[in-house]
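1. Show me how the following folds:
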Amino acid sequence: VARKIVSPTAIRVPAFLKSSLRVLYEFHFGVLVIWRSLWKFFYYHPLFQARCATFGDGVVIDSLPFVSGHFEVYVGNHVYIGGGVSILSGSAVAKPMLVLKDRAEIGWNTSIAVSKEVVIEEYARVSYDCRISDSDGHPREADLRAQNAPVNLRDIRPVRICKYAWVGNGSHIMKGVTIGEGAVIGANSVVISDIPPYSLALGNPAEVLLRNFGRPSKKKDAQT
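-> Residues are numbered from 1 along each chain as shown. Next comes the predicted model:
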């Protein structure tokens, strides 16, 4: 009896009830979608705008990003930010900044650590569960790490993800990296050096596998 209560099994529904229950099923999720949309429009969006230095038109936010630190956030037009996104900052530089240019996309559960500057350009896409950081967050020296000393300024280097680039899910983009225009980073890669434009890179550490990869269709047509 206890097992049945804790883990009940589904009972078979008579055929004549299925059409009515299907309507109830669609109504259930329709109400949830409407409620979530209203909640985002009247709650998430105003709160996040208050935290940003600039905020463009047509921005979509799936849930309220967790933002901690004294840095500035610049959000362009038609930017997408998924749920569970966290944006953190240290205090080594006077005015760190995160720049999300027009139509940039940040996937779910992505974490961005900004100590100086992280820029994600137009139409660049960062998939879910990614990590982006422009510093290690701690000193190199073992004794200084043990003392919880702040990161050395020499170890803070900006990160830039250029337009049309695609960062696959679970990837880590490390300090000082520039991902070139239109480049693709394979899933679960760790990028520790610059990636050329229109190339495919993957692995840990990420290595360029293909060059001249994914160039725009208009340029291809012009070349032919």
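2. any low-confidence regions in this protein?
-> For the chain, the stretches flagged by pLDDT under 70 are 91, 219-224.
3. Which helix in it has the most residues?
-> In the chain, taking DSSP state H as the definition, the longest helix is helix 18-39.
4. Other residues contacting that one?
-> Residues outside helix 18-39 that contact it (CB atoms under 8 Å, 6 or more residues apart in numbering): V13. Every residue, glycine included, has its C-beta placed from N, CA and C.
5. So which residue is smack in the middle of the protein?
-> For the chain, I106 is the residue whose C-alpha lies nearest the centre (CA atoms, centre = their mean; 3.0 Å).
6. if I read this right, L98 contacts V73, doesn't it?
-> Yes - using CB atoms under 8 Å, L98 is in contact with V73, at 5.0 Å.
7. Which neighbours do the two have in common?
-> Common contacts of L98 and V73 (CB under 8 Å, 6+ apart): I87.
8. What's the first helix or strand after the helix or strand containing V99?
-> Element membership for V99 (DSSP states H and E) is strand 97-100. Following strand 97-100 in sequence order, the next helix or strand is strand 105-106 (DSSP H and E).
9. roughly how far out does that next one sit from the chain middle?
-> 5 Å (CA atoms, centre = their mean, to the nearest Å).
10. after it comes which helix or strand?
-> With secondary structure assigned by DSSP H and E, strand 105-106 is succeeded by strand 111-114.
11. Mind listing the strands that following strand pairs with, and their directions?
-> When pairing is defined by DSSP bridges, strand 111-114 lines up against strand 86-89 (parallel), strand 131-133 (parallel).
12. give me the number of residues near F71?
-> Applying other CB atoms under 10 Å, we find 23 residues neighbouring F71.
13. hang on, isn't it packed against L98?
-> Yes - contact criterion CB under 8 Å: F71 and L98 qualify, at 6.4 Å.
14. shared neighbours of the two, anything?
-> With CB under 8 Å, 6+ apart as the test, F71 and L98 both reach V114.
15. Pull out the buried positions in stretch 132-145.
-> Residues of stretch 132-145 classed as buried: I132, S133, D134, S135, D136, G137, P139 (neighbour count, 16 or more other CB atoms under 10 Å).
16. same check, this time on stretch 186-204
-> Using 16+ other CB under 10 Å as the test for burial, stretch 186-204 gives 186, 188-191, 195-202.
17. Deepest-packed of the strands paired with strand 111-114, please.
-> With neighbours taken as mean count of other CB atoms under 10 Å, the strands paired with strand 111-114 reach their highest mean count in strand 131-133, at a mean of 20.
18. Give me the contacts around it.
-> By CB under 8 Å, 6+ apart, strand 131-133 touches 110-113, 115, 118, 126, 159, 161, 171-175.
19. following it, which helix or strand shows up next?
-> Toward the C-terminal end, the helix or strand that comes next after strand 131-133 (DSSP H and E) is helix 142-146.
20. Can you list the neighbours in contact with that next one?
-> Counting by CB under 8 Å, 6+ apart, residues outside helix 142-146 touching it are H138, P139.
21. CA atoms only for it, dumped as CSV, please.
-> In CSV, the C-alpha atoms belonging to helix 142-146 read as follows (Å, rounded to 0.1, in the frame of the first residue of the first chain):
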residue,chain,number,x,y,z
ALA,A,142,50.4,28.7,-4.3
ASP,A,143,51.1,30.7,-1.1
LEU,A,144,49.1,33.6,-2.4
ARG,A,145,46.2,31.3,-3.2
ALA,A,146,46.3,29.9,0.3
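22. Many thanks, we can stop here.
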